[in-house]
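A.B. asks: Sharing a sequence plus its predicted fold:
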Amino acid sequence: MVKKSFTTALILTILWVTGAVNMQATESNFNAVNTNSGVLTNTQIIYKNIQEKTDNELPSWEAFSTAMQGFNNLRKTSDKVKKNIISVVDFSLPSTEKRFWVIDLDNNEIMFNDYVAHGRNSGNNIANKFSNTPNSNSSSLGFYVTAEKYHGKHGLSLRLDGMDKGFNDNARKRAIVLHGAEYANGEFIKKYGRLGRSLGCPSVPMEIHKNVVNTIYGGSVLLIYSPDENFRVNSKVLNPDAENAVAQG
């Protein structure tokens, strides 16, 4: 995870002062590929600004930049996107880490950073199996746009529209929603060594779920991320111009 540190500050100084070229992006730091002039991209500038405003951990650069790529593509292709807010669920991390972020892109600030549960058939502490199939009880990778909020068996909840064909476009059919859960908090981790698991929904702590739902409902972008090469290559959101992108699994 990226932290405010001397190393990160030194890297950013090198980027600005010397115009370092072709530094490789990794999942855990901000060595993003740069232009010959050393000018940062808009996504890099946003990430840097967020970094400077918080002492908390950020999403990995890979997860954040993927989220921004999808957000920018969806903004061009879908009239459902109405808010400059992105939510990132990073399932490359274990459930014992706070792997859910809500980020305000107008102010470059982290609004929420907390726990989030994955589907019971996606794994125990780490999610490593994903499915778009009804009744799979698994999490689905990909980009979602938040829709309407409603009151259901979990209280205030948020419907999600899956935007990645073959990866999560059965979200409505599967009733995949964002909701609060008593098993998605630090006390559960202390007792069982991991979070509880959902039927595929991204479930967040009850303490924050109302504020999260009221913040992101109605047209913000949410990414459920994993460093999955099939998703990277075949996501329709990440590759809107690809003609033959087809999800596997």
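C.D. replies: That came in fine, so what should we check first? Residues are numbered from 1 along each chain as shown.

A.B. asks: The strand ranked longest in the chain pairs with which strands, and in what direction?
C.D. replies: Identified as the longest strand of the chain according to DSSP state E is strand 142-152. Partners of strand 142-152 in the sheet, by DSSP bridges, are strand 155-162 (antiparallel), strand 221-225 (antiparallel).

A.B. asks: I'd like those strands as CSV, with distance to residue 74, mean neighbour count and mean pLDDT appended.
C.D. replies: Where you see a C-beta, it was placed from the backbone N, CA and C, and this is true even at glycine. Below are these laid out as CSV (distance: least, Cβ to Cβ, whole Å; neighbours: other Cβ atoms under 10 Å; pLDDT from 0 to 100):
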stretch, distance to residue 74, mean neighbour count, mean pLDDT
strand 155-162, 11, 21, 98
strand 221-225, 6, 28, 98
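
A.B. asks: For residue 106, find the nearest of these.
C.D. replies: Ranking those by their distance to residue 106 (criterion: Cβ to Cβ) puts strand 221-225 first, at 13.9 Å.

A.B. asks: tell me the mean pLDDT over the helix or strand just after that closest one?
C.D. replies: Counting by DSSP states H and E, the next helix or strand C-terminal to strand 221-225 is helix 229-234. Helix 229-234 shows a mean pLDDT of 97.

A.B. asks: can you check stretch 92-107 too?
C.D. replies: Stretch 92-107 comes out at a mean pLDDT of 98.

A.B. asks: List the buried residues of it.
C.D. replies: 92-105 (16 or more other Cβ atoms under 10 Å).

A.B. asks: which residues touch the longest strand of the chain?
C.D. replies: Strand 142-152 is contacted by residues 70, 74, 78, 80-81, 87, 156-164, 167-168, 171, 177-179, 213-214, 216-224, 231, 235, 237 when judged by Cβ atoms under 8 Å, 6 or more residues apart in numbering.

A.B. asks: Could you pull up the residues touching the residue positioned nearest the centre of the chain?
C.D. replies: The residue lying closest to the centre of the chain (Cα atoms, centre = their mean) is residue 88, at 1.9 Å. Taking Cβ under 8 Å, 6+ apart as the criterion, residue 88 is in contact with 59, 63-64, 67, 100-101, 103, 222-223, 225.

A.B. asks: try residue 82
C.D. replies: By Cβ under 8 Å, 6+ apart, residue 82 lies in contact with 218-220.

A.B. asks: between those, which is closest to residue 128?
C.D. replies: Using Cβ to Cβ, residue 220 is the member of the contacts of residue 82 that sits closest to residue 128, with 26.9 Å.

A.B. asks: tell me the phi and psi of residue 179?
C.D. replies: The phi/psi pair for residue 179 (degrees, to the nearest 10) reads phi -150, psi 170.

A.B. asks: try the one 4 residues further on
C.D. replies: Backbone torsions for residue 183, taken as degrees, to the nearest 10, come to phi -90, psi 10.

A.B. asks: any idea whether the residue lying closest to it once chain neighbours are set aside is helix, strand or coil?
C.D. replies: The shortest distance from residue 183 to any non-neighbouring residue, by Cβ to Cβ, 6 or more residues apart in numbering, is to residue 196 (2.5 Å). At residue 196 the chain is in coil, as set by DSSP: H, G, I helix; E, B strand; the rest coil.
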